[in-house]
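J.: Structure, please.
(chains A and B)
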Amino acid sequence: MSNEIRVRFAPSPTGYLHVGSLRTALYNYLYAKKTGGKFILRIEDTDQSRYVDGAVENLISTLKTMGLNYDEGPIINGDFGPYYQSERTEIYQRYVDELIEKGKAYRCFCTEKDLVRMRQERKTRGLDTRYNGQCLSLGKQEINDNLKKGKKYVIRLKIPKEGEITFYDIVREKVTFPWDMVDDQILIKSDGFPTYHLANVIDDHLMQISHVIRGEEWLSSVPKHLFLYEAFGWKPPKMCHLPLLLNADKSKLSKRQGDVAVEDFLKKGYLPETLLNFVALLGWHTPGNEELFTLQELEKAFSLKRINKSGSVFDLEKLNWMNGHYLRELDLKVIGQYAKKYFQQAGYKIENEQHYNELVEIARKRITTLEEVTEFAKPFFSKLVFTKENIEILSSTTSQTLFEYWIDKMEENQEMSETLINKLLKQSAQELGIKGKNLYPPLRLALYGSEHGPELPTIMDILGKEKVITRLGDCLK
RNA sequence: GUCCCGUUGGUCUAGUGGUUAGGACUCAGGAUUUUCAUUCCUGCAUCAGGGGUUCAACUCCCCUACGGGAUGCCA
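T.: Okay, the predicted model is just below:
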């Protein structure tokens, strides 16, 4: 076997990409990049009842927009396919037969009802809810009879009854489980499909996965998996269980307490750059103080050894701050590209590229998500609406004088430049004696609809001379 | 219930047997700016508790508490 690092992201296509899964995918990807290994995407679709139409496509496209490109997987394939577990059922069947022959697994004819009753009973007795192993004692004859009768069955793992297992996890280091706490896990369901536990072990082995990097919720399944590797005589991959992502109340991050789908965050106007950077820091940090990373920088800085053990709260406030940061720091052209969609949605036509850039520049300094990007452009695309207080300001004597003066001067001059505007601003103060509070707010209000906002020359430049004159004129009594 | 895992400010975290326990977000105050925003500066606030070990423990060990995960013919 080669020493190549091969890691995999193995989601089940049940709808959307969870931010926790995004982090798992990212860490896998980063580890592959860091070590020059391969990043594999495998679709764990062994539960037909949870099949969601279009989920795989959605998953792949989200990974793509996040920039997490895989080396092997659906569509692009590779030497270890197929990469859909639903297309590998024959493989699993073959291996499970081997397990039965070796006495490491057995058929169980208990019905779902039997199991529910069994669990109930054990619970009331204060025991754990493991399978009681009653089908283990079935004789050859009984088994054959049952099979002949066409009785449905599952195949279970024959877990040792005593002793314990210790293994090493890259994050948690030494972990020990007593065998008598491990259930005789179902390997093949009565519909013939494998469970995650079987499929995952067989695939990881056949695909030569070197490191299993996944969420902590899998930690307690590791004994079953290691037992399988042992039963097959295979060398298990290194284990690496990531701390959970939590809600504000510290429970496992769930949909009930807000968005968890990457798609939702994207739609809301969070940048892929933000999401990647933010999620990378949930459970991993460099020794230094730096916390702003591009994907490329993460590829260099990442290390499995620096993943911490405790779960981390997904803090929206920090996410917002970081998104604001990227909104401001990324190339204006990049933000402009991202923002186009929102202008379209708002029905704002982009006619002048330079003005568009100015609009984006105005907005990016004041917003936290892209969704708000058109808010600051609105005054340029629609009629201004004034409140009572606004009208008071606009109709004051000084304001009226000011507007008349500006209209005159604008009409006198051929072209409206920044220097002209600044000159007029100065002259307003000198010739009219109108300055400060009486100068800027009324003008901005008349032209932009708000006392606060962008600098006057910027507003006027985007508006253009014609519109400046009409808007000022509109405010005359 | 049982098993496993975890615990540095409200949140994300750095840190290590001897530090004034560092940074970021949030919050408060200030500076810059015609305003808002941006930016910058300052401040508030932390080693869950109790026992050990040690000259010395946030750091190592044990216990307790709290939190989380698993306990499916889901992944």
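J.: Could you give the separation of stretch A:296-314 from the chain centroid?
T.: 15 Å (CA atoms, centre = their mean, to the nearest Å).
J.: quick check, it touching RNA strand B?
T.: Yes. Stretch A:296-314 is in contact with RNA strand B by CB under 7 Å from any atom of the strand, via A:Arg306, A:Asn308, A:Lys309, A:Ser310, A:Gly311, A:Ser312, A:Val313. Every residue, glycine included, has its C-beta placed from N, CA and C.
J.: farthest-separated two in the residues you listed?
T.: Greatest spatial distance among the residues of stretch A:296-314 next to RNA strand B (CB to CB): A:Arg306 and A:Val313, at 19.1 Å.
J.: isn't A:Ile155 right up against A:Leu187?
T.: Yes. A:Ile155 lies in contact with A:Leu187 (CB atoms under 8 Å); the separation is 4.8 Å.
J.: any common contacting residues for those two?
T.: A:Val96, A:Leu99, A:Ala105 (CB atoms under 8 Å, 6 or more residues apart in numbering).
J.: What about the last one, how many residues nearby?
T.: The criterion is other CB atoms under 10 Å. On that basis, A:Ala105 has 26 neighbouring residues.
J.: hang on, it packs against A:Val96?
T.: Yes. In this structure A:Ala105 lies within contact range of A:Val96 using CB under 8 Å: 6.3 Å.
J.: Make sure A:Asp184 is actually in contact with A:Asn132.
T.: No. The pair A:Asp184 / A:Asn132 is not scored as a contact, 9.0 Å apart, by CB under 8 Å.
J.: The two: which is more packed in?
T.: Using other CB under 10 Å as the criterion, A:Asp184 and A:Asn132 rank with A:Asp184 on top: 20 against 16.
J.: which residues touch that one?
T.: Going by CB under 8 Å, 6+ apart, A:Asp184 touches A:Cys108, A:Arg130, A:Tyr131, A:Gly133, A:Leu136, A:Arg156, A:Leu157, A:Lys158, A:Ile159.
J.: check contacts around the second one.
T.: Contacts for A:Arg130 (CB under 8 Å, 6+ apart) come out as A:Arg122, A:Met181, A:Val182, A:Asp183, A:Asp184.
J.: distance of the fourth one from A:Arg23?
T.: So that's A:Asp183. 28 Å (CB to CB, to the nearest Å).
J.: In terms of neighbours, single out the busier of these two.
T.: A:Arg23 (25 against 16).
J.: what about the residue nearest to that one when sequence neighbours are not counted, how many neighbours?
T.: Leaving aside its sequence neighbours, A:Arg23 sits nearest to A:Val279 (CB to CB, 6 or more residues apart in numbering; 4.4 Å). Residues lying near A:Val279 (other CB under 10 Å) number 26.
J.: Could you list the contact residues of the stretch 351-477 of chain A toward RNA strand B?
T.: A:365-366, A:436-437, A:440-441, A:444, A:451-456.
J.: From the residues you listed, keep the buried residues only.
T.: Buried members of those, scored by 16 or more other CB atoms under 10 Å, are A:Arg366, A:Tyr440, A:Pro441, A:Arg444, A:Gly453, A:Pro454, A:Leu456.
J.: For RNA strand B, what's its nearest residue on the stretch 351-477 of chain A.
T.: The nearest approach of the stretch 351-477 of chain A to RNA strand B comes at A:Tyr440, 2.5 Å away (CB to the nearest atom of the strand).
J.: Quick check: residues of the stretch 201-350 of chain A near RNA strand B?
T.: With CB under 7 Å from any atom of the strand as the criterion, the stretch 201-350 of chain A meets RNA strand B at residues A:216-221, A:243-244, A:246, A:249-252, A:281-285, A:287-289, A:291, A:306, A:308-313, A:315, A:317-318, A:320-321, A:324-325, A:328.
J.: From the contact counts, what lies against the lowest-mean-pLDDT helix or strand in chain A?
T.: Here the helix or strand of chain A ranked lowest by mean pLDDT, DSSP states H and E is helix A:418-427, holding a mean of 83. Packing partners of helix A:418-427 (3 or more CB pairs under 8 Å, 6 or more residues apart in numbering; DSSP states H and E): helix A:397-412, helix A:456-463.
J.: mean confidence score for the shortest one?
T.: Put plainly, it is helix A:456-463. Averaging pLDDT along helix A:456-463 yields 92.
J.: Next, the residues that contact that helix from outside, please.
T.: A:355, A:358-359, A:362, A:380, A:416, A:418, A:421-422, A:425, A:440, A:443-444, A:447-448, A:453, A:468, A:471.
J.: Just the buried residues of the residues of the stretch 201-350 of chain A next to RNA strand B.
T.: When those are checked for burial by 16+ other CB under 10 Å, the buried set is A:216, A:218-219, A:221, A:243-244, A:246, A:281-284, A:311-312, A:320, A:324-325.
J.: Among these, give me the pair with the biggest separation.
T.: That would be A:Ser221 and A:Gly324, which, of these, are the farthest apart (CB to CB) at 39.9 Å.
J.: thinking again about what came up before, now tabulate the buried ones among the residues of the stretch 351-477 of chain A next to RNA strand B in JSON lines and tack on secondary structure and distance to A:Tyr51.
T.: Formatted as JSON lines, these follow (DSSP: H, G, I helix; E, B strand; the rest coil; distance: CB to CB, whole Å):
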{"residue": "A:Arg366", "secondary structure": "coil", "distance to A:Tyr51": "44"}
{"residue": "A:Tyr440", "secondary structure": "helix", "distance to A:Tyr51": "61"}
{"residue": "A:Pro441", "secondary structure": "helix", "distance to A:Tyr51": "60"}
{"residue": "A:Arg444", "secondary structure": "helix", "distance to A:Tyr51": "56"}
{"residue": "A:Gly453", "secondary structure": "coil", "distance to A:Tyr51": "51"}
{"residue": "A:Pro454", "secondary structure": "coil", "distance to A:Tyr51": "51"}
{"residue": "A:Leu456", "secondary structure": "helix", "distance to A:Tyr51": "59"}
